[in-house]
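[1] How does the following fold in three dimensions:
(chains A, B, C and D)
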Protein chains: 2
Amino acid sequence: MPGTRQTRQSLRQTVVEGIKGYILDNRLRPGDPLPTEPELCQALGASRSSVREAVKVLNALDIVEVRHGHGTFVGRLSLSALVESLTFRGLLSVEDDVQVLSDLIDVRELFEHGMADRIVAALDERQLDALDAVVSDMKAQADSDSVSTALVGADRDFHALLVAPLHNDLIAQLSLAFWDVYAVVAPHLHGFGPEEAAEAAAAHKEIVEAARAGDLDRFRAAVTAHYAPVRSRLAAAG
Amino acid sequence: MPGTRQTRQSLRQTVVEGIKGYILDNRLRPGDPLPTEPELCQALGASRSSVREAVKVLNALDIVEVRHGHGTFVGRLSLSALVESLTFRGLLSVEDDVQVLSDLIDVRELFEHGMADRIVAALDERQLDALDAVVSDMKAQADSDSVSTALVGADRDFHALLVAPLHNDLIAQLSLAFWDVYAVVAPHLHGFGPEEAAEAAAAHKEIVEAARAGDLDRFRAAVTAHYAPVRSRLAAAG
DNA sequence: CATTATTTGTGCGTATGTATG
DNA sequence: CCATACATACGCACAAATAAT
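    Next up is the predicted model:
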């Protein structure tokens, strides 16, 4: 064996750090190619099994992206790991506890309520028009009897557009990540019928109108009013 | 039924979902033991390689915890994956961009500024005393010439105590996760000397005094004043 | 369009290190 | 100290997917 190094660290962790170091040292960017598995084996002095496990760990963190039959590349560095982790936590505790979802809604509301001043100040005409278009789409969807997947997609778009003017990528990605977690976990708690859809569409409409009027207090009140029924459904289910 | 074909899904992803399903179906809790690797192989119809890679992925998400020579157990479901992912993102972009850290500070301030009303209202005597103790400790550390690791640890404790009264585990864990990311990435940008330490200690002291006085506006101003020099250092480094 | 080279995905056997009793 | 059970690591062989020739 090459060097009886008394590694308190596991070899796989060493390989993980080695690959991260390779990306940092070579100033690679998302999408850039990484060495092939055999090359990494030689460069890091580990077997292919260890390298593969390390690559899979980094893949789970979206630090690297693996394409079968093509190669390994620097990942998008998204928050997909947070989504998967939080979703599982929610599913595991949803049987006897809604605290996870309640905490999550608190943070989502905090993004939109606590940043209300900046959002209202930064929203321009184009962004307001885009929000109006989503609201119109939601209203049309809500008026039809069935609750379609287009409706939930429009809701996701709405909240993404709402925090977009902050130009804070972390808030934007966290907001969407929490939305995704809620969308997966909440259906295990309660349904979402036409009346809830109409309610949500109206709440979104009020938020946009308040923003267009530049009325900060009205905007904050509209955001609070939007999340109130969400909390009610959580409390009723828990 | 394992008879159904999983043509599009990779086998490893199937195993990942299988292990997650096993935990959910059996209502396991953090710390509960999982089947051994050979048992998982037979149960999921996969080889050791695939099972091991799947376990490592779940380990990276803190959904399972592996103890060498002992066994595999349900993990603590922490946000360690978020810390690792965001830290790497920060290190990768720190060379030509401080936006990642700036966004992160915005969110940390949002937690304490946007939730100020609830924090001030919920803080009790014991929590205020604990905050005072940390502030005293920081001041003592700052007065000594060297900047010790105890100082940064006290800062971490302070911000954890500050959001603790919210009883929102997600905010508490996100707040600490962002603190950890900043603590790793920021040293690559700027130093942290005795004058900054004294400044931070004074800012923390003002926050606690405002909270003890129940003065919400003063508390918010103190939080803003605390993060202002942090932003200045970021702007100067970027 | 087919072939082929490249690269990752999967399976299996074996040896070693580690924790527990 | 020994025995057992388990995870760690290695190396090879073959399958599957992709891209270029």
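[2] For the closest residue to A:G238 other than its chain neighbours, which residues are in contact?
    Counting by CB to CB, 6 or more residues apart in numbering or on different chains, A:G238 lies nearest to A:V98, which is 3.4 Å off, once chain neighbours are set aside. Just so you know, the C-beta spots here come from the backbone N, C-alpha and C atoms, and that holds for glycine as well. A:V98 is in contact with A:L189, A:L234, A:A235, A:A237, A:G238, counting by CB atoms under 8 Å, 6 or more residues apart in numbering or on different chains.
[3] same thing with A:L77?
    A:L77 neighbours (CB under 8 Å, 6+ apart): A:P30, A:D62, A:I63, B:S85, B:F88, B:R89, B:L92.
[4] The first one - that's part of a helix, no?
    Think A:P30. No: counting by DSSP: H, G, I helix; E, B strand; the rest coil, A:P30 is located in no helix; its state is coil.
[5] per-residue confidence for it?
    The model reports A:P30 with a pLDDT of 98.
[6] how many neighbours does A:G21 have?
    11 (other CB atoms under 10 Å in any protein chain shown).
[7] Let me fix that, I meant to ask about A:E53.
    For A:E53, the tally of surrounding residues (other CB under 10 Å) stands at 25.
[8] now do A:L28
    Neighbour number of A:L28 under other CB under 10 Å is 16.
[9] residue ranges with poor pLDDT in chain A?
    Where chain A drops to pLDDT under 70, the residues are A:1-8, A:145-147.
[10] Nearest residue to the closest residue to chain B within it in space, ignoring adjacent ones along the chain?
    For chain A, the residue closest to chain B is A:G114, as judged by CB to the nearest CB, at 2.7 Å. Nearest residue to A:G114, sequence neighbours excluded (CB to CB, 6+ apart): B:G114, at 2.7 Å.
[11] Toward the C-terminus, what is the element adjacent to the helix or strand in which A:S175 is found?
    Assigned by DSSP states H and E, A:S175 belongs to helix A:169-185. Toward the C-terminus, helix A:169-185 is succeeded by helix A:194-213 as the next helix or strand (DSSP H and E).
[12] related to what we said a few turns ago, output the contacts of A:V98 as TSV; include the columns neighbour count.
    Below are those laid out as TSV (neighbours: other CB atoms under 10 Å in any protein chain shown):
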residue	neighbour count
A:L189	16
A:L234	19
A:A235	10
A:A237	14
A:G238	14
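[13] Kindly indicate which of these lies nearest B:M138.
    Using CB to CB, A:L234 comes nearest to B:M138 of those, at 38.3 Å.
[14] contacting residues for the closest one?
    So A:L234 contacts A:V98, A:L101, A:S102, A:I105, A:L189, A:H190 (CB under 8 Å, 6+ apart).
[15] Find the nearest non-adjacent residue to it, please.
    Residue nearest to A:L234 in three dimensions, not counting chain neighbours: A:V98, with 5.0 Å by CB to CB, 6+ apart.
[16] what does A:K56 give?
    Per CB to CB, 6+ apart, closest to A:K56 is B:E53, 4.7 Å.
[17] Thought A:R52 was touching the one you found, still the case?
    Yes: judged on CB atoms under 8 Å, B:E53 makes contact with A:R52 at a distance of 6.4 Å.
[18] phi, psi of the residue in chain A positioned nearest to DNA strand D?
    Taking CB to the nearest atom of the strand, DNA strand D has its nearest neighbour within chain A at A:G69, 2.4 Å off. Dihedral pair for A:G69: phi 80, psi 0, per degrees, to the nearest 10.
[19] And for the one 5 residues further on?
    Summarising the backbone geometry of A:V74 under the convention degrees, to the nearest 10, its torsions are phi -70, psi 140.
[20] contacting residues around it?
    A:V74 makes contacts with A:I23, A:L28, A:R29, A:P30, A:G31, A:D32, A:L34, A:I63, A:V64, A:E65, as judged by CB under 8 Å, 6+ apart.
[21] switch the cut-off to 10 Å
    Neighbour list for A:V74: A:22-23, A:26, A:28-34, A:58, A:62-65, B:92 [criterion: CB atoms under 10 Å, 6 or more residues apart in numbering or on different chains].
[22] Look up the residues forming beta bridges with it.
    A:V64 (DSSP bridges).
[23] ok, it to DNA strand C distance?
    12 Å (CB to the nearest atom of the strand, to the nearest Å).
[24] Can you list the buried residues in the longest helix belonging to chain A?
    Ranked by residue count under DSSP state H, the longest helix found in chain A is helix A:216-237. Residues of helix A:216-237 classed as buried by neighbour count (16 or more other CB atoms under 10 Å in any protein chain shown): A:R218, A:F219, A:R220, A:A221, A:A222, A:V223, A:H226, A:Y227, A:V230, A:R233, A:L234.
[25] can you check stretch A:84-99 too?
    Applying 16+ other CB under 10 Å to stretch A:84-99 flags A:84-94, A:98-99 as buried.
[26] Output that stretch as CSV - backbone C-alpha positions only.
    Listed next in CSV are the C-alpha coordinates belonging to stretch A:84-99 (Å, rounded to 0.1, in the frame of the first residue of the first chain):
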residue,chain,number,x,y,z
GLU,A,84,-34.3,17.0,-0.5
SER,A,85,-33.2,17.1,3.1
LEU,A,86,-36.0,19.4,4.3
THR,A,87,-38.6,17.5,2.3
PHE,A,88,-37.6,14.3,4.0
ARG,A,89,-37.6,15.9,7.4
GLY,A,90,-41.1,17.2,6.7
LEU,A,91,-42.4,13.8,5.5
LEU,A,92,-40.8,12.1,8.5
SER,A,93,-42.4,14.4,11.1
VAL,A,94,-45.7,15.1,9.3
GLU,A,95,-47.5,12.3,11.0
ASP,A,96,-47.5,13.8,14.4
ASP,A,97,-46.1,17.4,13.9
VAL,A,98,-46.7,20.3,11.6
GLN,A,99,-44.0,22.4,13.2
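[27] residues in contact with the spatially most central residue of chain A?
    Centroid-nearest residue in chain A, with CA atoms, centre = their mean: A:A177, separated by 1.5 Å. The contact partners of A:A177, by CB under 10 Å, 6+ apart, come to A:S78, A:L79, A:S80, A:A81, A:L82, A:V83, A:E84, A:L86, A:T87, A:L104, B:L82.
[28] Which one (most neighbours) among those?
    Ranked by neighbour count (other CB under 10 Å), these have A:L86 at the top, with 28 neighbours.
[29] Let's verify A:Q127: helix, strand, or coil?
    helix.
[30] Which element, helix or strand, includes A:V66?
    A:V66 belongs to strand A:64-67, assigned by DSSP H and E.
[31] mind giving me the domain split of chain A?
    For chain A, automatic domain parsing gives the domain ranges A:2-74, A:80-237.
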